[in-house]
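Peer 1: Model the following, please.
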Amino acid sequence: MGRISRADYRARASRAASALAGKTDELLTSLQAEMAILSARQEFERAMQMRDEIRALQHLQERQQVERSRSYDQDVISYQVEGSSVYLMLFRVYRGTLEGKEEYVFSNSDSFLEEFLVQYYSEREPPEELILEQPLEQSLVDFLAHQKGKKVKATVPRQGEKKMLLDLARKNLEAGFFGDREKLSALQEALRLNKSPQVIECFDISHLAGTFSVGSMVQFRGGRPDRGQYRRFKIKSVSGIDDFASLAETVRRRYSRLKEERQDMPDLIVIDGGKGQLSAALSELQALRLKIPIVSLAKREEEVYMPGLDGPLDIKKEEKASLYLQEIRDEAHRFALAYNRLLRKKAISD
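Peer 2: Modelled structure (predicted):
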């Protein structure tokens, strides 16, 4: 991030995003007040930097007025590949104004960008211009034009305002990515894992008084939910209330299939529950002869359990590692509950 602090870096990225979102008037007022405070404190160097930002913002404000008179839209895409994961940021720009941004994380492959664009624009109309870091194959540009109903331009800018948009998308991507790295690093250290837990799968069981029992599995990749990899399981071998047996069935079905298909295993498994749930899941992994790091998270005090230890790990529930586990567990619980409700709704309608 150069010589500026991470806080300043994020502040600048936030201000740039606000400017592109058309909030220039309130941003100018805020910056002018901040510049006056810096001058009063005799922090003249920072005040001059703020003055330059104000001038650039005023120039941008003038250009936005011109841009808004044009009726075209743009999508700006930046991405970063880290190991087996791709982190992608997409800016939606309409008439020179940033309308929104979307973040995605998914598995890396040789054709990941093409696959993403085909899936994304099969569900929504493409813009008139796509701004990217690398050129697209003509067949993909033709697909976008077909979806749009007219020509779509794919641009790889080297300078100018479009390059500034691309750089801003990159900065937002990096700002979010560094935050995810901190979570992963904290969890690896807290659990004393040999490698960073880039891919984590978490299991939860949901039922209504022993009926409509379901299992859920969510996957987090690189610190973010990878919803394309979520799985849900209708419990088949258990009747009545038996969370341990239901959890065992879910874990067995998930990893026996991955093993049979020779797919990659996760770096860490998280179980919603205490020592009993952990033991049930661990027994299934051992039966499959799989050695995957596994922990459980008990709801009441957010205690973290690992195999071979009598008590919970010394991790406070306010620590980053615990908060990340809670985030994953809560998502698994939400997903399981949603599936349980869906089954109940279908049963009522039938």
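
Peer 1: Just the helices from the stretch 51-200 of the chain, written as ranges.
Peer 2: Taking DSSP state H, counting those that start in this stretch, the helices of the stretch 51-200 of the chain run over residues 112-122, 138-148, 160-191.

Peer 1: Check the offset of the first one from the chain's centre.
Peer 2: Which is helix 112-122. Mean C-alpha position of helix 112-122 versus that of the full chain (CA atoms, centre = their mean, to the nearest Å) differs by 17 Å.

Peer 1: Name the residues that touch that helix?
Peer 2: Here helix 112-122 makes contact (CB atoms under 8 Å, 6 or more residues apart in numbering) with 79, 81, 86, 88, 90, 104, 106, 109, 134, 136-137, 140, 143-144, 147. Any C-beta I mention is one placed from the backbone N, CA and C, and that applies to glycine too.

Peer 1: Mark out where each domain of the chain begins and ends.
Peer 2: 6-67, 73-178, 192-349 (automatic domain parsing).

Peer 1: any chance of those in TSV, plus distance to residue 184 and mean neighbour count?
Peer 2: Formatted as TSV, those follow (distance: least, CB to CB, whole Å; neighbours: other CB atoms under 10 Å):
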stretch	distance to residue 184	mean neighbour count
domain 6-67	17	14
domain 73-178	10	16
domain 192-349	5	18
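
Peer 1: Which parts of this structure are strands?
Peer 2: For the chain, the strands defined by DSSP state E cover 73-82, 85-94, 97-107, 129-131, 153-155, 199-208, 211-221, 224-225, 231-234, 268-272, 294-298, 303-305.

Peer 1: Which stretch among those approaches residue 123 most closely?
Peer 2: strand 97-107 (12.2 Å; CB to CB).

Peer 1: Could I get the average pLDDT for that closest one?
Peer 2: Throughout strand 97-107, pLDDT has a mean value of 83.

Peer 1: follow-up on the earlier one: which of the contacts of helix 112-122 sit farthest apart?
Peer 2: Maximum pairwise distance among the contacts of helix 112-122 (CB to CB): 25.7 Å, between 81 and 147.

Peer 1: which ones are touching residue 188?
Peer 2: Applying CB under 8 Å, 6+ apart to residue 188 gives the contacts 195-197.

Peer 1: list the contacts for the residue nearest the centre of the chain?
Peer 2: The chain has residue 224 as the residue nearest its centroid, 3.3 Å off, counting by CA atoms, centre = their mean. Contact partners of residue 224, counting by CB under 8 Å, 6+ apart, are 87, 103, 105, 180.

Peer 1: In a markdown table: the strands of the chain, plus distance to residue 251.
Peer 2: Below are the strands of the chain laid out as a markdown table (distance: least, CB to CB, whole Å):
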| stretch | distance to residue 251 |
| --- | --- |
| strand 73-82 | 28 |
| strand 85-94 | 23 |
| strand 97-107 | 21 |
| strand 129-131 | 42 |
| strand 153-155 | 45 |
| strand 199-208 | 6 |
| strand 211-221 | 8 |
| strand 224-225 | 20 |
| strand 231-234 | 10 |
| strand 268-272 | 8 |
| strand 294-298 | 9 |
| strand 303-305 | 16 |
